[in-house]
Structure formats: structure tokens, C-alpha cells
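Visitor: For reference, the sequence and a predicted model appear below.
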Amino acid sequence: MAKAVEGLRLITEEGLRHDGRRPDELRPVRMEVGVLENSDGSALVEFGKTKVMAAVYGPREPIQKYMVLPDRAVLRVRYHMAPFSTSDRKSPAPSRREIELSKVIREALEPVVLSEQFPRTTIDVFIEVLQADGGTRTAGVTAASLALADAGIPMRALVGGVAVGKIEGVLVVDVDEVEDGVGEADLPVAAAPDIGLITLFQLNGVLTREELDRALEMALGAIRRIVDMEKETLKSKYQVAGEGEE
Amino acid sequence: MQGKDRVIVVPGEILPKDTVGSEQYLIEADSGKMPVVVGLLDMRGDKPSFIPLKGTYIPKRGDIVIGLIVSQGVMNWFVDIKSPYNAVLNVSDFLGRPFNPMTDDMSKMLQIGDYIKAKVEAFDRSRSPVLSVQEEGLGRIVEGKVIDVDPTRIPRIVGKKKSMLSMLIEETGCDIYPAVNGRVHVKCDNPDMEAIVILAIKRIEREAHTVGLTERIKRFIEEEKSIRGV
């Protein structure tokens, strides 16, 4: 965990961040779908050094019968950080934080999944953080959304996520570990811009009303770009498959 | 690559209001229709049509499916039909007469791992689908091979007016039965020919969304036949 170092500035005089980004700039994003052969759908999403993999299984017969719902599918989400994802070894047992994030991510996906098409079944989403450098929950939502689409699970729209932070009084998009450690506020948001739905909204720290409005606007702008990237990724899977023809 | 009149669409995009396609895959929006899975928008016909590229098989009454026996109950078998719901086949239906546990031995009739061709007799989402084999051509599959494909690719394997399927049968002389739940039964006299058909079907699955596929598959089969000398 980064600590505030005396004299260290995270915003330069030119208004750039410690890694040279502008306040509204995302880290380099890379997305890939169909990375796992055994799952019904899978995705790998990278936001800079943050690397998250998601795998989707289902709809399938529930493993535990007690959990079925008569009118819709149960969405089960597991967010987990690999022991090697952080600089200090992380215990592989699910922590309080991971259990909570699993719930938060599930609730970020539930509004877009048409679970009523598959009553009495479960849809399992596994999110594995391979490398953590801040923004893993929002990268997790993004990866899960891509993996669900790759699995052919009916969805109203794609979801993307990003966190906006406040560092030295400046609002910045897509905070990384260093910025998260010293920032004054952190606002992770996930949304489905195509249907105008915010599905995840958390705030850690303090923002004024004006800052909150501005931060949300920045987050939604970035999410739009992320969802557009998701769409391109899904389309490119089929374009590659069709290569070598007239 | 797909051409101007065939584009890949993803959830969240708005399609024209008059788009036709299965209700399972399209939802109404204010300004048009939205696909709920990744698919292909085909604008060659009178109306744009949506073809899903990934999906789940939902049983329908009257469907002929190829199932895999996964477990045995007291008076029934549980059958994997590649849908979210395991199907049930009753012993009395398999025998065509009441089942007598004193004299009938279930494990002599069907075993775990056997494939069956069956008809979906009943299904209403509150209960598991019930299968029946009491019709001609149904029952245990005793020869040939069963290939798994994505259920959404079956219409492409059949083709428009069965063009692809009749081409495959004509070129190879094999018996090919594509079942709606995403399994294809292939029966050939020649093992080489069987291998060619399987490769061809896997290629159709991979390239289902591309244009000129029937011709390309035909060329592929001809090439493979000359390489293998059959």
C-alpha cells in the first residue's frame, strides 16, 4: 500500500499525473474475450498494470438446489484476488473485502442480465484479479460484462466501470494504486450507458456536491469509452474467425 | 469483411424497428430493437434479420434432440440435452409398456454415456423437460459419431432450404442429422469420410457468420477427399 511521501507531488505544475496522464485520461486498456477454453465465456481486461480475468458458466443446473429461484436464474459472482496479485502475498481465503465486492459486482451486473429467461438455473461468474494496481472492482465489472456477452447470456446492454479520484484537489479518472493510497476521495462507478443505467456507485472519502457532479460526469464519459472498447472487442472475435476468405 | 449488408451487432446497440428475429434474442427499445446477445444483422432480405451467434438451447415441445445419458434414477434416466435443464426419460416410455422392476433391468437398456435421439414431450420451465423415444427413428444411437456445436449454428449447418446439409450429404454420402440442441449425428461407411464431415462441421461452426460459406465448404471437402484418396 502506497503511503504519502513528504514532498511527493502527484499532480505536476502542468496538471499531469505521476504517470504522465492527463486528469481525464484512462490507463492503456487492453481487452480480450474467449481466453479460456473450458468456460462458456471468458474475458481478460487490463487497465494499465491491473489485470483481471473473468469466466462465466451457465445458465446451468444449480450445484446447490436450495438456492434456486422459481422465476429467474440466480447470478453468483465470486471476486477473488490471486495470492500473487499484490506485492505482499495475499491470503487466498476470501476476505471480508472480497465477499463484499462480490456482492457489489453482482448487483452491478444483475440489472442488465435477463435472468428471467432461465428460471431455476444459476449463472456463475468468476472474477480473478491476476495483478492489482488499483481499480480492480471496476475492471472486474468490465471483465464480467464481456465474459457474460461472450458466453451468450442475454443482456440488456454492456456494463463498464471506472473509478474517479480526487488527488490534491484535482479530479482524476481511473485512479491507480499510488493515487488511491494518497487521494482524498475515490468514487467507483459502473454503468450501462446504452440504457442510461448506473449500476454501481460507491464513494470513499469526501467530495463536495459540485465535485460529485463533475466526478460522475467524468466517470460516465470514461465508461462510454470503455463500453465502446468492449463492443469492438466482441466484434473483433468474429472478424478474426472469418479471416482467410474472399 | 462481413460486407456492407451483414454486420456484427452486440448487446446495447439499436437495430431498426422492423428487424425480424427470435423474441428470445431481441428486446423492444424506444427507438428500435436491441439484441441481447452477439449476433449478425443481415440486411439482404426485405427486412433486416437478426441471427444470434451465441446462445442457449431452450427445449420446445416437439423438438427432436440428441441427449447424453448422465445418470439413472429409480424409474427414469437423466439426460443432458445441452440446455440449462436436464431432461428426464421414463423407463416405461423407453419400453413402450409398464416398467416392472422385478423382471426389467434398466442398466441393460441404456447406460450412462449413451447417446439417444429423442423427442421433447413436455416442458414448461417449472419442471424438467420430459423426453420420449416412442417414434420411428428415435432411441439409442448405436453407430456413428455425435459432434457438439453451438446450438445457434445448427440453422447454418442446415442452410437455407437445406442447401448446406444436402451439399454435405451429397458430397460425402454420409447420414448427417443435426439436432436443434446443438448436436450433430454423423454416420458414414468410411472412417476417412467421417473425419472430413466432422472437420467440415467444425469449420461451419467457426465461420457461420461469413459469406460464401457453402461454396468454401464444398471446395474444402473436395480437397480433403483428394488428399485422403476417398
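Guide: On my side now, so go ahead.
Visitor: got the contact list for the residue lying closest to B:Ser163 once chain neighbours are set aside?
Guide: In this structure, B:Ser163 finds its nearest non-sequential neighbour in B:Thr214, 5.8 Å apart by C-beta to C-beta, 6 or more residues apart in numbering or on different chains. For every residue, glycine as well, the C-beta is placed using N, CA and C. Neighbouring residues of B:Thr214 by C-beta atoms under 8 Å, 6 or more residues apart in numbering or on different chains: B:Gly159, B:Ser163, B:Met164, B:Met167.
Visitor: do the same with A:Pro28
Guide: So A:Pro28 contacts A:Glu46, A:Phe47, A:Gly48 (C-beta under 8 Å, 6+ apart).
Visitor: give me the element the residue of chain B positioned farthest from its centre is part of.
Guide: Most distant residue from the mean C-alpha position of chain B: B:Met102, 37.7 Å away (C-alpha atoms, centre = their mean). B:Met102 is located outside every helix and strand, with elements delineated by DSSP states H and E.
Visitor: Chain neighbours aside, what residue packs nearest to the most centrally placed residue in chain B?
Guide: Taking C-alpha atoms, centre = their mean, the centroid of chain B lies closest to B:Gly182, which sits 2.8 Å from it. When the adjacent residues along the chain are set aside, B:Gly182 lies closest to B:Pro151, with 3.5 Å between them (C-beta to C-beta, 6+ apart).
Visitor: Now do residue 115, the pLDDT please.
Guide: Using chain A. Listed pLDDT for A:Ser115 reads 95.
Visitor: meant chain B, my bad for not saying
Guide: 97.
Visitor: Against B:Ile27, how distant is it?
Guide: Counting by C-beta to C-beta, to the nearest Å, the separation of B:Tyr115 from B:Ile27 is 35 Å.
Visitor: same question, B:Arg127
Guide: For B:Arg127, the distance to B:Ile27 - C-beta to C-beta - is 26 Å.
Visitor: How about the contacts made by the residue nearest to the centre of chain B?
Guide: B:Tyr57, B:Lys82, B:Asp148, B:Val149, B:Asp150, B:Pro151, B:Arg153, B:Ile154.
Visitor: Take those residues and keep only those in helices.
Guide: The helices, defined by DSSP state H, take in B:Ile154 from those.
Visitor: hmm, back to that, show me which of B:Tyr115 and B:Ile27 is the more surrounded one.
Guide: Neighbour count, other C-beta atoms under 10 Å in any protein chain shown: between B:Tyr115 and B:Ile27, B:Tyr115 has more, with 20 against 17.
Visitor: Let me know whether that one touches B:Val142 as I believe.
Guide: No: contact status for B:Tyr115 versus B:Val142: not in contact, 9.2 Å apart, counting by C-beta atoms under 8 Å.
Visitor: Chain A: which of the contacts of B:Thr214 is nearest?
Guide: Lowest distance from chain A to the contacts of B:Thr214 (C-beta to the nearest C-beta) belongs to B:Met164, with 15.7 Å.
Visitor: most surrounded residue in the contacts of B:Gly182?
Guide: In terms of neighbours by other C-beta under 10 Å, these top out with B:Arg153 at 24 neighbours.
Visitor: ok, that residue to B:Lys33 distance?
Guide: If you go by C-beta to C-beta, the gap between B:Arg153 and B:Lys33 works out to 22 Å.
Visitor: same check, this time on A:Val206
Guide: Applying C-beta to C-beta to A:Val206 and B:Lys33 gives a distance of 44 Å.
Visitor: Looking only at neighbour counts, state which of those two leads.
Guide: B:Lys33 (21 against 10).
Visitor: Enumerate the positions of the lengthiest helix in chain A that are buried.
Guide: Among the segments of chain A that qualify as a helix by DSSP H, the longest is helix A:209-241. The neighbour-count check on helix A:209-241 (16 or more other C-beta atoms under 10 Å in any protein chain shown) flags A:211-212, A:215-216, A:218-220, A:222-223, A:226-227, A:229-231, A:233-235, A:237-238, A:241 as buried.
Visitor: what packs against that helix?
Guide: Judged by 3 or more C-beta pairs under 8 Å, 6 or more residues apart in numbering or on different chains; DSSP states H and E, the packing partners of helix A:209-241 are strand A:29-33, helix A:136-150, strand A:160-167, strand A:170-173, strand A:185-192, strand B:6-9.
Visitor: In JSON lines, list the ones you listed along with distance to B:Gln111 and mean pLDDT.
Guide: Shown next, in JSON lines, are those (distance: least, C-beta to C-beta, whole Å; pLDDT from 0 to 100):
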{"stretch": "strand A:29-33", "distance to B:Gln111": "38", "mean pLDDT": "97"}
{"stretch": "helix A:136-150", "distance to B:Gln111": "35", "mean pLDDT": "98"}
{"stretch": "strand A:160-167", "distance to B:Gln111": "48", "mean pLDDT": "96"}
{"stretch": "strand A:170-173", "distance to B:Gln111": "59", "mean pLDDT": "96"}
{"stretch": "strand A:185-192", "distance to B:Gln111": "47", "mean pLDDT": "97"}
{"stretch": "strand B:6-9", "distance to B:Gln111": "43", "mean pLDDT": "91"}
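Visitor: most neighbours per residue, which of those?
Guide: Of all the helices and strands packed on helix A:209-241, helix A:136-150 has the most neighbours on average by mean count of other C-beta atoms under 10 Å in any protein chain shown, namely a mean of 30.
Visitor: can it be found next to chain B?
Guide: Yes: judged by C-beta under 8 Å from any C-beta of the partner chain, helix A:136-150 comes into contact with chain B at A:Ala149, A:Asp150.
Visitor: and the angle from that helix to strand A:160-167?
Guide: For helix A:136-150 against strand A:160-167, the angle between stretch directions is 170 degrees (axes from the mean of the first three to the mean of the last three C-alpha atoms, to 10 degrees).
Visitor: and the angle from helix A:136-150 to helix A:209-241?
Guide: 40 degrees.
Visitor: picking up where we left off before, what's the farthest-apart pair in the contacts of B:Gly182?
Guide: B:Lys82 and B:Arg153 (12.2 Å; C-beta to C-beta).
Visitor: Pull the distance from the one helix or strand A:Ile99 maps to to the chain's centre.
Guide: Using DSSP H and E, A:Ile99 sits within helix A:96-109. Taking C-alpha atoms, centre = their mean, to the nearest Å, one finds the center of helix A:96-109 at 11 Å from the center of the full chain.
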